[in-house]
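In: sharing a sequence plus its predicted fold:
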Amino acid sequence: MLSYILSKANMLILALGLFLITLYFATSWSTLLTSHAASEVVAKISEKISQKINSEAICSISSRIPVPRYLSYTEFLGGVGRYFYKIIITTEEANADYNFLIIKAVSRRDPSNVIASSSMKTKATIYLFEFQPNEIRDLKISNKAVIDPQAGFTIDPMATIDALAVVGEIQEGQKFILIIPCSTRAGWCEDNLKTAKTLLHSEGFDSKCLPS
């Protein structure tokens, strides 16, 4: 009887061990693929911004950069997983001549959990914008303001904002980079560009590239 009980106990321990090993590999698998998917999104945004930073054109506006609503990955045991995230864009001053532009993908549930990031060093003056949709659905533009670049702004693609526009502009030999969130679903991109021009004018900068 005792040997029978010990045999069953050993089988239970073995089954538990196999379950924990499978769970560990499944978690590691999803973390790896989620990080890879997030890195692709961050890399695409970084590439578009880098093109504008390195461009010698006096005026250039990017096509809309889509921000996927969620990250998709193949689960360990098959099927498609979804990971919900946010994009955070900030700047930090490197020295008197240079700034760092930082792009991070973070967990939507826990923004302190960074799953991918990228940074670039630039002499350009960077303007960041944060657009908050109004609660009244028939109003397209409201509560917009130029924000503190070091505080940055957050894009939650599960909400209204699902794309970015990047504008590169040169005035009197100085490069300016404007990063403007917009919504392709709500049709706000063109309106947001126009509002950005008005806001920049109030800050003392007259953009020659943005539409009026």
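Out: Received, thanks.

In: confirm that residue 49 sits in a helix.
Out: Yes - secondary structure of residue 49 (DSSP: H, G, I helix; E, B strand; the rest coil): part of a helix.

In: neighbours of it, how many?
Out: 25 (other CB atoms under 10 Å). (Each C-beta comes from the backbone N, C-alpha and C, glycine too.)

In: what's stretch 84-99 in contact with?
Out: Here stretch 84-99 makes contact (CB atoms under 8 Å, 6 or more residues apart in numbering) with 38, 41-42, 45, 67, 70-71, 100-109, 111, 115, 121-124, 126, 128, 149-158, 179.

In: for stretch 52-62, same thing?
Out: In contact with stretch 52-62 (CB under 8 Å, 6+ apart) are residues 48, 51, 120, 122, 124, 164-170, 175, 177, 193, 208-210.

In: grab the most central residue of the protein for me.
Out: When CA atoms, centre = their mean is applied to the chain, the residue found nearest the centroid is residue 87 (2.4 Å).

In: beta-bridge partners for that residue, please?
Out: Legend: beta-bridge partners of residue 87 under DSSP bridges are residue 105, residue 155.

In: before we move on, the earlier item: mind checking which of the contacts of stretch 52-62 are buried?
Out: For those, a neighbour count by 16 or more other CB atoms under 10 Å gives the buried set as 48, 122, 124, 164-170, 175, 177, 193, 209-210.

In: strands of this structure, start to end?
Out: 59-61, 65-66, 71-74, 80-83, 85-93, 99-107, 114-122, 125-131, 144-146, 153-155, 163-171, 174-182 (DSSP state E).

In: leaving out sequence neighbours, find the closest residue to residue 52.
Out: residue 168 (3.3 Å; CB to CB, 6 or more residues apart in numbering).

In: thinking again about what came up before, now the two most distant members of the buried ones among the contacts of stretch 52-62.
Out: 122 and 193 (21.5 Å; CB to CB).

In: residue 210: what's it in contact with?
Out: Residue 210 is in contact with 61, 167, 178, 193, 194, 196, 197, 200, counting by CB under 8 Å, 6+ apart.

In: now list the buried members of the residues you listed.
Out: 61, 167, 178, 193, 196, 197, 200.

In: surely residue 209 is in contact with residue 169?
Out: Yes - applying CB atoms under 8 Å, one finds residue 209 in contact with residue 169, separated by 4.7 Å.

In: tell me which of the strands of the chain sits nearest to residue 188.
Out: strand 174-182 (5.1 Å).

In: what score does residue 90 have for pLDDT?
Out: The score at residue 90 is 90. That number is its pLDDT.

In: an error on my part: the question was meant for residue 185.
Out: pLDDT, residue 185: 79.

In: neighbours around it, how many?
Out: 11.

In: for residue 195, see how far away it is.
Out: Separation of residue 185 from residue 195 (CB to CB, to the nearest Å): 18 Å.
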